[in-house]
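Trainee: output the structure for:
(4 chains)
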Number of protein chains: 2
Amino acid sequence: MQTEAAVSLEISRHPTSVLREQARSQGPFGMIGTPMRFGRNTEIYGEDEAAEYLYQVVSGAVRTYKILEDGRRQIAAFYLPGDIFGFEASDTHISSAEAICETQVMVVKRNALIVRASHERDLARQLWDATALELRRFQEHLMLLISSAEERVIGFLLDMARRAKKNAAIELPMSRQDIADYLGLTIETVSRTFTQLEQSGVIALPTSRRVELRNRAMLNRLTTA
Amino acid sequence: MQTEAAVSLEISRHPTSVLREQARSQGPFGMIGTPMRFGRNTEIYGEDEAAEYLYQVVSGAVRTYKILEDGRRQIAAFYLPGDIFGFEASDTHISSAEAICETQVMVVKRNALIVRASHERDLARQLWDATALELRRFQEHLMLLISSAEERVIGFLLDMARRAKKNAAIELPMSRQDIADYLGLTIETVSRTFTQLEQSGVIALPTSRRVELRNRAMLNRLTTA
DNA sequence: CGCGTAGTTGACACTATTCAATGTCTGTGG
DNA sequence: CCACAGACATTGAATAGTGTCAACTACGCG
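Mentor: Reported below is the predicted structural model:
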């Protein structure tokens, strides 16, 4: 995968304008990035690989994760359209990244961006902002992990709803197992919690991947109950 | 506290050379920083305050934390001598910071550092490195929080031992409550886990704050058991 | 010496996990 | 168009691990 990226970075300097427009409106990548596609469950980069590229999600979704020695998987973050990932402020990735579903990303050579950033004040600022956001997400994630199962699930849903910019209904790209591995719960507990929330009327589940937030006030109350 | 810092930054440009020497050997702060002292349990900065300064611990220890709406406290990180904190890649602090015990820090104006970094390649690099380390610590912290109580405590102890550079014995500056709030456990569970580890012979507890790692091999095995 | 804080220990309740079974959706081939 | 396989999701019962509440102990400081 990494190899493909390298190739297309060299060859294709003028990707389809549709992609460029989409990305440009959302971040610093549109002007210099190269589009790539990744299929469901395919690796984008591996842990401990050199962090040669930065990525911005155009469509689809990405998970970053680590596998522990005993086989458990901890998902560090989900990235949705517009999000930048692969940028860990160091030259080695601290997680692996996979496409959750069919995903389009804009890819940019890290070095190129850093060089540009050294004389484009605006770009440097955007890189720091992306890093600050990353730190903030990690911290929010930490807060989730010390709460009860119900609070974790609600926190996750509210975060997804906010980031999807759909206030009432969200289409989850990730499986229950992904959610469980993100929240540090088992798939069964996640499932049970979804059902409880549905039964108490705060969410609706037309399909297992589609969540409608019915009672925002109660959801917000439950986050700290 | 913030005010004091501002004052001393303006007034005292030539702090005691002892402090400068100590800090210089450990990071980028020695050449431009100003020393400050904080007493036990005093605030260094508050959440959502403007991040005007960066700090480097000279002696003592610092905790950063957030208080949740329901009153629980999550400690985000502990900082030991040599560590840089208060730098969250954004212009607002995402946590509060307090001295755990009598603590000396070197303080530097964020702006000054950023200006210098723009033409001192080395300094810029150090800032990114500090940020990368911060991200790495957050991630390791995440991994801890999905484990069992025993694994969390062991992970914490191994981290402390590594950072204190003492391979066998560590003097913990923080209380059991601090450890509990860092690990997302109760003080009782932390205490019980310490006792268990002592009884199984992998650690010794000459006093409640002093921990000796007796069986490193077994400790490492237990981290993922 | 006595007080207050910090730490430990015990009994019990409760939450999430484990293991197992059942249910649902999607895509494929008959 | 329907039947089936395989992956994904839900549900149930029993268990293990933490949390809660309360009592007790150890230590440092005035």
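Trainee: for chain A, give me the ranges with low pLDDT.
Mentor: A:1-31, A:224-225 (pLDDT under 70).
Trainee: what about the helix ranked longest in it and chain B, any contact?
Mentor: The longest helix of chain A (DSSP state H) is helix A:121-145. Yes - Helix A:121-145 comes into contact with chain B (CB under 8 Å from any CB of the partner chain), by way of A:128-129, A:131-132, A:134-136, A:138-139, A:141-143, A:145. Where you see a C-beta, it was placed from the backbone N, CA and C, and this is true even at glycine.
Trainee: which secondary structure elements does that helix contact?
Mentor: Applying 3 or more CB pairs under 8 Å, 6 or more residues apart in numbering or on different chains; DSSP states H and E, one finds that helix A:121-145 makes contact with strand A:73-79, helix A:110-119, helix A:149-164, helix A:176-183, strand B:73-79, helix B:121-145.
Trainee: now distance to DNA strand D and mean neighbour count too, for those, in CSV please.
Mentor: Output for the helices and strands packed on helix A:121-145, formatted as CSV (distance: least, CB to the nearest atom of the strand, whole Å; neighbours: other CB atoms under 10 Å in any protein chain shown):
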stretch, distance to DNA strand D, mean neighbour count
strand A:73-79, 13, 22
helix A:110-119, 32, 15
helix A:149-164, 11, 19
helix A:176-183, 4, 21
strand B:73-79, 12, 22
helix B:121-145, 11, 18
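Trainee: out of those, flag the one nearest DNA strand C.
Mentor: Between DNA strand C and those, the tightest spacing by CB to the nearest atom of the strand is seen for helix A:149-164, at 3.3 Å.
Trainee: phi, psi of the nearest residue to residue A:198 once chain neighbours are set aside?
Mentor: Of all residues not flanking residue A:198 in the chain, residue A:205 sits nearest, at 5.1 Å (CB to CB, 6 or more residues apart in numbering or on different chains). Here is the backbone geometry of residue A:205 (degrees, to the nearest 10): phi -130, psi 80.
Trainee: so what's the residue sitting nearest the centre point of chain A bridging to?
Mentor: In chain A, the C-alpha nearest the mean C-alpha coordinate belongs to residue A:79, at 1.3 Å (CA atoms, centre = their mean). Note on residue A:79: beta-bridge partners by DSSP bridges are residue A:62.
Trainee: dump the residue contacts of it.
Mentor: Residue A:79 is in contact with A:57, A:61, A:62, A:63, A:64, A:85, counting by CB atoms under 8 Å, 6 or more residues apart in numbering or on different chains.
Trainee: residue A:104 is nearest to which of the helices and strands packed on helix A:121-145?
Mentor: strand A:73-79 (12.3 Å; CB to CB).
Trainee: got the angle between the longest helix of chain A and strand B:73-79?
Mentor: Counting by axes from the mean of the first three to the mean of the last three CA atoms, to 10 degrees, helix A:121-145 lies at 130 degrees to strand B:73-79.
Trainee: and the angle from helix A:121-145 to helix A:149-164?
Mentor: 160 degrees.
Trainee: can you tell if helix A:121-145 touches DNA strand C?
Mentor: No - using CB under 7 Å from any atom of the strand, we find that helix A:121-145 stays clear of DNA strand C, coming within 10.7 Å at best.
Trainee: contacts for that helix, please.
Mentor: Contacts of helix A:121-145 (CB under 8 Å, 6+ apart): A:27-28, A:76-77, A:84, A:87-89, A:113-114, A:116-118, A:151-152, A:155-156, A:159, A:182-184, B:66, B:68, B:74, B:76, B:88-90, B:94-95, B:131, B:134-135, B:138-139, B:141-142, B:145-146, B:184.
Trainee: any buried residues in stretch A:91-110, and which?
Mentor: By 16 or more other CB atoms under 10 Å in any protein chain shown, the buried positions in stretch A:91-110 come out as A:93-100, A:103-110.
Trainee: so the residue lying closest to residue A:61 once chain neighbours are set aside is in which element?
Mentor: In space, and not counting its chain neighbours, residue A:61 is closest to residue A:173: 3.9 Å by CB to CB, 6+ apart. Using DSSP states H and E, residue A:173 maps to neither a helix nor a strand.
Trainee: on that earlier part again, just the buried residues of the contacts of residue A:79.
Mentor: A:57, A:61, A:62, A:63, A:64, A:85.
Trainee: how close does the last one get to residue A:118?
Mentor: With distances defined as CB to CB, to the nearest Å, the gap from residue A:85 to residue A:118 amounts to 22 Å.
Trainee: cool, the fifth one as well?
Mentor: Distance of residue A:64 to residue A:118, given as CB to CB: 27 Å.
Trainee: then the first one?
Mentor: Computed with CB to CB, the distance linking residue A:57 and residue A:118 is 26 Å.
Trainee: quick one: stretch A:94-114 near chain B?
Mentor: Yes - using CB under 8 Å from any CB, stretch A:94-114 reaches chain B at A:94, A:95.
Trainee: please see if that stretch touches DNA strand C.
Mentor: No - Stretch A:94-114 does not reach DNA strand C (CB under 7 Å from any atom of the strand); its nearest approach is 11.3 Å.
Trainee: and the end-to-end length of that stretch?
Mentor: 19 Å (CA to CA, to the nearest Å).
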